[in-house]
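>>> one predicted model, sequence on top.
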Amino acid sequence: MYNTMAVNPAYTGTIDGVSFLLLSRHQWVGFDGAPQTQTLTIHSPIDEKHIGLGLSYIKDKIGPVSSDDIYLNYSFKITPHEGATLSFGLKTGLTGRRVDLGSVDPLFDHDPTFNASEPSSWKANLGAGLYYFTENYYIGLSVPKLRSHYFTDGYEKDQHIQKMHWFIIGGYVLDLYDEWKLKPSVLAKYVEGSPISIDINFNAMYNEKIVGGISHRFGDSFGCMMKFRIYDNIWAGYAYDFTINPMKSHNNGTHEVLLLFDLLRVEEVTSPRFF
């Protein structure tokens with residue numbers, strides 16, 4: 001929802017200033033070895049807003065497998081017609097994968113397979129995206145990693161396969177009465193070998209200071225979220241998802257916390273954009 005640059009590099013530099021984001025996600029709390037994700041992104045427009053530059057770092061961990069993504073993001077924006085912007089995005093960087101077999105509790109003691117950890121394996125990759133937006137709506141198409149990679153665990157080849165993911169995002173902001181705004185949005189993801197994943201979301205903003213909403217991932221989860229403007233352009237947020245698939249009886253939901261700081265240009269601080 002608020003981590004768009006990690007999904008689409010064309011979002012880089014579309015905020016009118018420098019934007020910092022910190023995010024921590026803890027999925028399926030109470031389930032041993034459940035996924036955890038930490039994200040840091042920084043991006044800003046340069047060259048009279050036509051070019052955007054950004055840096056992203058994402059750390060994932062699930063069971064004994066951890067990965068690190070370090071990527072440089074670049075965007076170039078054009079104005080196809082008045083009031084609209086089309087952004088072309090590229091990203092390049094490295095993905096590191098590590099398997100810590102020593103952290104696994106084996107069924108039998110002294111199994112030599114689980115005595116040591118394997119060194120990190122690093123692979124270079126590229127990503128691309130398109131992002132079209134106006135003051136009221138946006139739509140984007142992206143492939144954050146264009147190459148499929150095969151990682152090994154030191155014992156058997158091709159154990160960890162990183163495949164290409166396709167993302168489509170879109171949303172529309174409705175100005176309601178008084179100080180209210182409503183934003184329905186959607187995210188769809190496709191990767192070979194898995195069902196299409198679709199999220200639908202409804203967020204409302206009041207007085208440019210408080211955001212609340214609900215979310216549904218078909219066949220997987222329901223969620224709710226809040227975001228508060230705690231000082232000028234510093235926002236804090238929290239989201240909670242509860243699982244509706246067969247995993248629901250084995251975990252206590254998913255928690256996510258967010259800190260967002262937009263160092264906006266002076267002439268732009270009056271009304272922050274809702275996406």
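Nice, I can see it.
>>> got a list of what the nearest residue to residue 213 once chain neighbours are set aside touches?
Among residues not flanking residue 213 along the chain, residue 203 sits closest, at 3.4 Å (CB to CB, 6 or more residues apart in numbering). (Glycine included, C-beta is placed from N, CA and C.) Applying CB atoms under 8 Å, 6 or more residues apart in numbering to residue 203 gives the contacts 1, 182-183, 185, 211-213, 225, 274.
>>> poorly predicted segments of the stretch 101-250 of the chain, please.
Across the stretch 101-250 of the chain, the ranges flagged by pLDDT under 70 are 113-119, 150-160.
>>> test my guess that residue 54 contacts residue 45.
No - Residue 54 lies out of contact with residue 45 (CB atoms under 8 Å); the separation is 9.9 Å.
>>> find the residues that touch each one of those two.
By CB under 8 Å, 6+ apart, the residues touching both residue 54 and residue 45 are residue 13.
>>> coming back round to it: for the contacts of residue 203, which one is nearest residue 99?
Nearest to residue 99 among those, counting by CB to CB, is residue 1 at 30.9 Å.
>>> what packs against whichever strand or helix holds residue 91?
In this assignment (DSSP states H and E), residue 91 forms part of strand 85-99. Judged by 3 or more CB pairs under 8 Å, 6 or more residues apart in numbering; DSSP states H and E, the packing partners of strand 85-99 are strand 51-62, strand 65-78, strand 121-133, strand 160-162.
>>> what's the second one packed up against?
Right, the one you point to is strand 65-78. Applying 3+ CB pairs under 8 Å, 6+ apart, we find strand 65-78 packed against strand 51-62, strand 85-99.
>>> list the buried ones in stretch 135-149?
Neighbour-count burial for stretch 135-149 flags 136-138, 140-145, 149 (criterion: 16 or more other CB atoms under 10 Å).
>>> that older thread, inside helices: which ones of the contacts of residue 203?
Among the contacts of residue 203, DSSP state H puts none in helices.
>>> which among those end up buried?
Burial by neighbour count, 16+ other CB under 10 Å: within these this picks out 1, 183, 185, 211, 213, 225, 274.
>>> surely the third one meets residue 173?
No - Residue 185 lies out of contact with residue 173 (CB under 8 Å); the separation is 9.3 Å.
>>> so what sits against both of these two?
What both residue 185 and residue 173 touch, as defined by CB under 8 Å, 6+ apart, is the set residue 275.
>>> may I ask which helix or strand encompasses the residue lying closest to residue 234 once chain neighbours are set aside?
In this structure, residue 234 finds its nearest non-sequential neighbour in residue 261, 5.1 Å apart by CB to CB, 6+ apart. Secondary structure from DSSP H and E places residue 261 in strand 254-264.
>>> just the pLDDT at residue 269, thanks.
With respect to pLDDT, residue 269 scores 46.
>>> so which elements touch the strand holding residue 261?
So strand 254-264, by 3+ CB pairs under 8 Å, 6+ apart, packs with strand 17-26, strand 221-231, strand 234-243.
>>> which outside residues touch the last one?
By CB under 8 Å, 6+ apart, the residues outside strand 234-243 that reach it are 1-2, 28, 211, 215, 217, 220-230, 248, 251, 253-262.
>>> strand partners (parallel or antiparallel) of it?
strand 221-231 (antiparallel), strand 254-264 (antiparallel) (DSSP bridges).
>>> list the buried ones in that strand?
235-237, 239, 241, 243.
>>> my guess is residue 4 contacts residue 169. True?
Yes - contact status for residue 4 versus residue 169: in contact at 7.1 Å, counting by CB under 8 Å.
>>> between the two, which one's more packed in?
Between residue 4 and residue 169, counted using other CB atoms under 10 Å, residue 4 has the larger neighbour count: 26 against 23.
>>> can you tell me the closest non-neighbouring residue to that one?
Of all residues not flanking residue 4 in the chain, residue 11 sits nearest, at 4.3 Å (CB to CB, 6+ apart).
>>> cool, residue 144 as well?
Excluding the flanking residues, the one nearest residue 144 by CB to CB, 6+ apart is residue 127, at 4.2 Å.
>>> just the buried residues of stretch 135-149: which are in strands?
If you go by DSSP state E, the buried residues of stretch 135-149 have 137-138, 140-143, 149 in strands.
>>> identify, from these, the entry nearest to residue 106.
residue 149 (27.7 Å).
>>> how near is the closest one to residue 3?
Distance of residue 149 to residue 3, computed by CB to CB, to the nearest Å: 22 Å.
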